[in-house]
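**Q** The following comprises the amino acid sequence and a computationally predicted model.
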Amino acid sequence: MSQAATATQTCRVLYYGPGGAGKRENLRQIIDSIPPEQRLSLTTSDPERQIAFRMRSGTQGEWAILVQAMDTGREIYNQSSQKDRPPFDGVVFVAHSSASRLDQSLSSMEELKNFIDSWGKDVMSLPLVIQYNKREEPGCLPVDRLESLLNPWGLLSFPASTQQGEGIKETLKAILSLTISQLLQDQVEQGNQSREEAVTVKKPPVSQTTGTEITSQAGSDSGSELLFTRERDKSVFQVVSEDRSGIFFDELRPPIVVPVRIPKKLLEKYGSARIILEVELDDSDSVLS
């Protein structure tokens, strides 16, 4: 059985758009529709801008969903390496349908593209859904007009009225389906790439150092809950070592325990890390005394 079907994984969705477009109303009605036993507690100063809950997505397994709302102009652009993981896996752009708010929606879409670009992504490579909200208000532009101005890519879009409770579930269902599918696809591609790298790696000579790889095994249900409270003290690591003959140590051989201190902030920043240790073989007996 695949990991997706047995372990709780995390999906992060960002609701982005101009102020007053209805992002908080989306989050409020979403969390109100979630059974209390499936809600996750968050430490946040503004609970209306950040919610979390559990859900099961058919054969795609158990997921912890983190949803955040962000007004245009509050972006934190990535100033470090483009290898850093973006603070979102999928985005819902919430536009105000009113003609008087069209300029705000257009400039907000430009800011979203810049924000996504700062993380080395683009609109077409990221799960993105558009919601045309406030359809109940007078002076709304026709949806096809909004589509021509805000959605030249032909992305999935939904008319909505958070005041009347319309279009909220449809929007959420679409972005979760796209984002979870993308996350699972990325896992498969990363797994294939890792296997290809393992096949092509050349074994160093005996006189040189050998590598020991540490991979994170965190991913249990309790670990997913800790993710939202930033408690990662219980992360478990498994060391895979290789001797000079290329035969992996088995259970019959005594383990060699090497204490390694890993900065907690490293895992908090990246979520996971691939750490290579260089191990130098010592022929002397001094290390055994």
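**A** Arrived safely.
**Q** alpha carbons only for contacts and neighbour counts from here, please
**A** Will do.
**Q** any weak-confidence spans in the stretch 1-150 of the chain?
**A** Where the stretch 1-150 of the chain drops to pLDDT under 70, the residues are 1-6, 45, 79-84.
**Q** What segments of the chain are strands?
**A** For the chain, the strands defined by DSSP state E cover 9-17, 50-56, 62-71, 90-96, 128-133, 157-159, 210-216, 237-240, 275-279.
**Q** for this structure, what spans make up the helices?
**A** For the chain, the helices defined by DSSP state H occupy 3-6, 23-33, 102-117, 143-150, 168-200, 221-228, 264-270.
**Q** one step back: present the strands of the chain as JSON lines; the columns should include distance to residue 78.
**A** Listed next are the strands of the chain as JSON lines, based on distance: least, C-alpha to C-alpha, whole Å:
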{"stretch": "strand 9-17", "distance to residue 78": "16"}
{"stretch": "strand 50-56", "distance to residue 78": "21"}
{"stretch": "strand 62-71", "distance to residue 78": "16"}
{"stretch": "strand 90-96", "distance to residue 78": "17"}
{"stretch": "strand 128-133", "distance to residue 78": "19"}
{"stretch": "strand 157-159", "distance to residue 78": "27"}
{"stretch": "strand 210-216", "distance to residue 78": "25"}
{"stretch": "strand 237-240", "distance to residue 78": "29"}
{"stretch": "strand 275-279", "distance to residue 78": "23"}
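**Q** Now tabulate those strands in CSV and tack on mean neighbour count and distance to residue 166.
**A** What follows is the strands of the chain, written out as CSV (neighbours: other C-alpha atoms under 10 Å; distance: least, C-alpha to C-alpha, whole Å):
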stretch, mean neighbour count, distance to residue 166
strand 9-17, 23, 16
strand 50-56, 19, 20
strand 62-71, 20, 18
strand 90-96, 27, 14
strand 128-133, 25, 9
strand 157-159, 20, 8
strand 210-216, 16, 42
strand 237-240, 11, 46
strand 275-279, 12, 47
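**Q** Out of the ones you listed, which gets nearest to residue 183?
**A** Set against residue 183 and scored by C-alpha to C-alpha, the strands of the chain come closest in strand 9-17, at 8.0 Å.
**Q** just the CA coordinates of the closest one, formatted as CSV?
**A** C-alpha atoms of strand 9-17 as CSV (Å, rounded to 0.1, in the frame of the first residue of the first chain):
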residue,chain,number,x,y,z
GLN,A,9,0.1,14.2,4.6
THR,A,10,-0.2,18.0,4.5
CYS,A,11,-1.9,20.2,1.8
ARG,A,12,-1.6,24.0,2.1
VAL,A,13,-4.0,26.3,0.3
LEU,A,14,-3.8,30.0,0.1
TYR,A,15,-6.9,32.2,-0.5
TYR,A,16,-5.5,35.4,-2.1
GLY,A,17,-7.1,38.6,-3.4
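**Q** Can you list the helices and strands that it packs against?
**A** Where contact means 3 or more C-alpha pairs under 8 Å, 6 or more residues apart in numbering; DSSP states H and E, strand 9-17 is packed against helix 23-33, strand 62-71, strand 90-96, helix 102-117, helix 168-200.
**Q** State the distance from residue 13 to residue 139.
**A** Here residue 13 is placed at a distance of 30 Å from residue 139 (C-alpha to C-alpha, to the nearest Å).
**Q** Over to residue 154?
**A** The spacing between residue 154 and residue 139, counted by C-alpha to C-alpha, is 24 Å.
**Q** wait, which of the helices of the chain is closest to residue 65?
**A** Residue 65 sits nearest to helix 168-200 of all the helices of the chain, at 8.7 Å, using C-alpha to C-alpha.
**Q** how about that closest one: buried residues?
**A** Buried residues in helix 168-200, counted by 16 or more other C-alpha atoms under 10 Å: 168, 171, 172, 174, 175, 176, 178, 179, 180, 182, 183.
**Q** now stretch 142-161
**A** Of all the residues in stretch 142-161, those buried under the rule 16+ other C-alpha under 10 Å are 146, 147, 150, 151, 157, 158, 159, 160, 161.
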